[in-house]
Structure formats: C-alpha cells, structure tokens
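Trainee: Build me a structure from this.
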Amino acid sequence: MYWSQIVKSTTFAKKTLNELKKELDQAILNKCLSLMCYIIKSLEEISYNYSIIFCDVWGCIHNGVSAFEQATFALNNFKMDNGVVVLLTNAPRPSAAIHRQLNRLGVDTNCYDLIVTAGDAALQFVTNSKIGEKIYHLGPEKDSSFFNSLFSSPENIKFSLSSFAEADLIICTGLFDDSTETPDDYEKLLEKAYKKNLPMICTNPDIHVDFGKKRVFCAGAIASAYQDYGGKVHWFGKPYTSIYDFAVKSLTEKNFQVVKSKVLCVGDGLRTDIKGANDQGLDSLFIAHGLEKQYLIGEEGNLDVIKLEEFLKQKVEKPNFVIDYLK
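Mentor: You can find the predicted model right below:
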C-alpha cells in the first residue's frame with residue numbers, strides 16, 4: 001500500500017504523512033524485535049518501572065575525554081523521581097579515584113548516588129584471601145590508587161609490590177601503555193608467568209574501550225590471553241557476580257532496599273553489562289552507540305534496526321531494551 005493511499009483512508013485522515021509514517025515505522029520496529037527487545041527513544045519511557053539503575057560509566061556517561069550531558073541529564077531526572085543511581089564500572093581503581101576522574105571530565109556529581117568499581121571488588125578479595133602477598137603490578141602508573149588503598153589499611157601490611165622475579169601474584173589493571181601496546185606485546189611475559197604458575201587478578205574484564213575516537217585495550221585483553229595460555233585468572237567486575245554483590249551490599253548499608261525486579265542495568269558492553277544483567281536476573285538497557293556501534297549504526301549515524309536484529313540473533317546475551325544513546 002502506498003503512503004498516499006494510507007493517508008487518504010478514513011482511519012488516518014486527520015494525521016499528517018510524517019505522523020503516520022513515524023507510527024507505522026515504530027510498529028514495524030517493535031514487531032521486528034518483539035522476540036528480543038524493545039527500542040526506546042529515552043530513558044523516561046521505561047524508568048517508572050524501576051527504583052534503581054546500575055549504570056555503566058565509560059561509553060555511557062563519558063568517553064574518557066568529555067562527559068555526555070544528555071546521559072547525566074537523564075540520570076538526574078531519574079533521581080528527581082526518587083530513583084537511585086549506582087555507577088557500576090569495570091574501572092580497576094577504587095570508587096574514590098573514579099569520583100575524582102568524573103569531576104575532571106565534567107560529569108555532574110548529582111546524577112548518581114554511589115560508585116561501585118571492579119577495583120573495589122578486587123580489593124575486597126585480595127584483602128580477605130591468601131592468594132599471595134608479593135604483588136607484581138601489570139598495568140599503568142595511573143592505577144596506583146588501587147595499591148594505595150590496599151596498603152592504607154594496617155591489616156594489609158603483609159602485602160608489597162615486588163619485581164616479577166620475586167612475585168607470587170600478578171594484579172593486572174591494564175597495559176603499561178595502552179596508547180601504543182596490544183596484548184601481543186605481552187606474549188613473553190605471560191609465558192614466563194605461566195611457567196612460574198603465578199595467579200592473576202584481573203581488575204577490569206573489559207577487552208577494550210573507546211578513548212575519544214581511539215579504541216584501546218584493557219586488562220581483560222591481557223587476562224584473556226593469559227587464560228588462553230592456561231594461566232589461573234581471578235576476574236572482578238561485570239559480568240561476574242562479585243561486583244553485583246558488592247553493589248547490593250553498598251546499597252543495603254545506605255538503607256536502600258534492593259528488589260531485583262526494580263533494578264535496571266544500563267551499558268554498552270554486551271559481554272559485560274548485558275551478560276551480567278542476564279546472569280543476575282536483572283532487566284537491561286543496551287546502548288547501541290557504544291562498543292558495538294560498528295555493527296549497529298547506519299551510514300547516517302542512526303541505529304539500524306535490521307543490523308540490530310541480525311546482531312542480536314547471533315548473540316546469547318539479550319537486552320530487554322535498546323537505545324542509541326543514554327538520554
């Protein structure tokens with residue numbers, strides 16, 4: 001049926017061509033994705049169903065260079081309606097360090113209630129376990145706040161940073177220089193670590209992130225390579241349970257009631273944010289214009305529904321909702 005014929009029909013006579021096309025397009029989109037998820041235009045379309053949001057940070061509210069104002073505005077609106085926002089991030093540093101970073105990037109601190117990081121969960125594990133005491137730090141100097149926090153507690157006096165030769169534990173927070181290096185540069189080091197039977201703690205399961213317009217590797221890429229060697233890796237952050245347990249504990253300590261059906265996870269990582277939500281039995285909102293944008297965004301810069309459907313058909317992880325940007 002032609003658009004002009006539809007417009008002339010009695011049912012739609014009072015509607016403009018653009019209004020009608022928009023309604024039918026949306027109906028097609030929802031039908032196209034009815035077995036997988038719903039495409040939404042803004043967070044407020046679904047926010048009334050939830051009391052808590054677990055929101056990813058990098059790729060959702062900033063890109064490592066600047067804040068996304070629409071995202072922070074959306075989270076602020078959710079909070080104004082008595083919602084609680086937890087920034088749930090795979091950052092390898094403690095929450096206090098991420099708070100400072102967000103300030104530098106211009107993220108509105110009013111848009112969240114608390115921050116929970118992969119680094120927080122890893123610190124708790126290191127402190128309470130007997131996995132090792134002489135630590136080889138595989139990662140950049142900028143992640144030193146992890147160790148400053150570890151060493152600040154008198155009960156952790158047994159821990160120390162050491163050379164690779166003397167280490168009995170590797171804590172991987174990233175690459176030494178993610179602007180120039182790839183996991184291939186660590187092949188010999190990982191081989192030596194495997195021969196020494198050194199356990200590794202990965203404080204950021206992300207494989208990569210987009211720093212502005214440049215894609216850089218994260219600790220997860222190194223840890224995955226080590227695991228492929230046969231090395232023992234302890235993972236912290238999304239999609240692993242420990243970070244969700246840490247978040248729930250933190251909320252409970254602040255007297256927030258956590259009901260699973262009222263929690264929405266937001267993120268651009270299918271294998272981290274969405275898988276984690278699926279595994280925890282939580283609803284999720286997938287940000288299309290993020291890590292997977294090359295598979296989802298059309299030539300005009302808009303979400304391509306056909307691409308999205310084909311993409312999700314090939315994935316085990318399934319979001320409940322999809323949006324182009326958090327807004």
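
Trainee: drop to CA atoms for contacts and neighbour counts, all remaining ones
Mentor: Will do.

Trainee: For the most centrally placed residue in the chain, give its distance to A118.
Mentor: Residue closest to the mean C-alpha point of the chain, counted by Cα atoms, centre = their mean, is D56 at 4.1 Å. In this view, D56 and A118 are 11 Å apart by Cα to Cα, to the nearest Å.

Trainee: how about the helix or strand containing I243: buried residues?
Mentor: Using DSSP states H and E, I243 sits within helix 241-253. Using 16 or more other Cα atoms under 10 Å as the test for burial, helix 241-253 gives T241, S242, I243, Y244, F246, A247, V248, S250, L251.

Trainee: Give me the distance from it to the chain's centre.
Mentor: Centroid separation for helix 241-253 versus its chain: 16 Å, with Cα atoms, centre = their mean, to the nearest Å.

Trainee: Ok, stretch 87-103 next?
Mentor: Stretch 87-103 sits 12 Å away from the centroid of its parent chain (Cα atoms, centre = their mean).

Trainee: How about stretch 268-278?
Mentor: Per Cα atoms, centre = their mean, the centroid offset for stretch 268-278 relative to its chain is 7 Å.

Trainee: now swap in stretch 39-59 and tell me
Mentor: 13 Å.

Trainee: Now that stretch: buried residues?
Mentor: Neighbour-count burial for stretch 39-59, with 16+ other Cα under 10 Å as criterion, is recorded at 39-40, 42-43, 47, 50-59.

Trainee: What is the neighbour count of Y325?
Mentor: Around Y325 there are 21 other residues, counting by other Cα atoms under 10 Å.

Trainee: cool, and I115?
Mentor: Using other Cα under 10 Å, I115 has 22 other residues around it.

Trainee: And for whichever strand or helix holds it, what's in contact with it?
Mentor: For I115, the element it lies in under DSSP H and E is strand 114-117. By Cα atoms under 8 Å, 6 or more residues apart in numbering, the residues outside strand 114-117 that reach it are 85-95, 98-99, 237, 243, 246-247.

Trainee: Let me see the mean pLDDT of the following helix or strand past that strand.
Mentor: Using DSSP H and E, the helix or strand that directly follows strand 114-117 along the chain is helix 118-128. The predicted model assigns helix 118-128 a mean pLDDT of 95.

Trainee: ok, and what's touching helix 118-128?
Mentor: Contacts of helix 118-128 (Cα under 8 Å, 6+ apart): 89-95, 146, 150, 156, 201-204, 236-238, 242-243, 246.

Trainee: what does the following helix or strand past it rub up against?
Mentor: Toward the C-terminal end, the helix or strand that comes next after helix 118-128 (DSSP H and E) is strand 134-138. Strand 134-138 is contacted from outside by 159-164, 166-176, using Cα under 8 Å, 6+ apart.

Trainee: Which of those residues are buried? Put it as a ChimeraX command.
Mentor: The following ChimeraX line selects those of the contacts of strand 134-138 that are buried, judged by 16+ other Cα under 10 Å:
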select :159,161,162,164,167,168,169,170,171,172,173,174,175,176
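
Trainee: Tell me the buried residues in stretch 225-243?
Mentor: 225-227, 231-233, 235-243.

Trainee: Next step: those residues restricted to strands.
Mentor: Judged by DSSP state E, the buried residues of stretch 225-243 include V233, W235 as members of strands.

Trainee: Provide a list of residues in contact with V84.
Mentor: Going by Cα under 8 Å, 6+ apart, V84 touches S51, I52, I53, F78, Y112, D113.

Trainee: How about the contacts made by I201?
Mentor: A122, L169, I170, I171, C172, V233, H234, W235, F236.

Trainee: Mind picking the two most distant members of the residues you listed?
Mentor: Using Cα to Cα, those span at most 15.3 Å, a distance reached by L169 and F236.

Trainee: now the helices for the stretch 151-300 of the chain?
Mentor: 187-195, 219-229, 241-253, 275-280, 293-296 (DSSP state H, counting those that start in this stretch).

Trainee: how near is Y38 to E45?
Mentor: 11 Å.

Trainee: Equivalent analysis for A74, please.
Mentor: Distance of A74 to E45, given as Cα to Cα: 11 Å.

Trainee: Residues in contact with both of those two, list them for me.
Mentor: Among the neighbours of A74, none is also in contact with E45 (Cα under 8 Å, 6+ apart).

Trainee: Any stretches of the stretch 1-150 of the chain with poor pLDDT?
Mentor: Along the stretch 1-150 of the chain, segments meeting pLDDT under 70 span 1-36.
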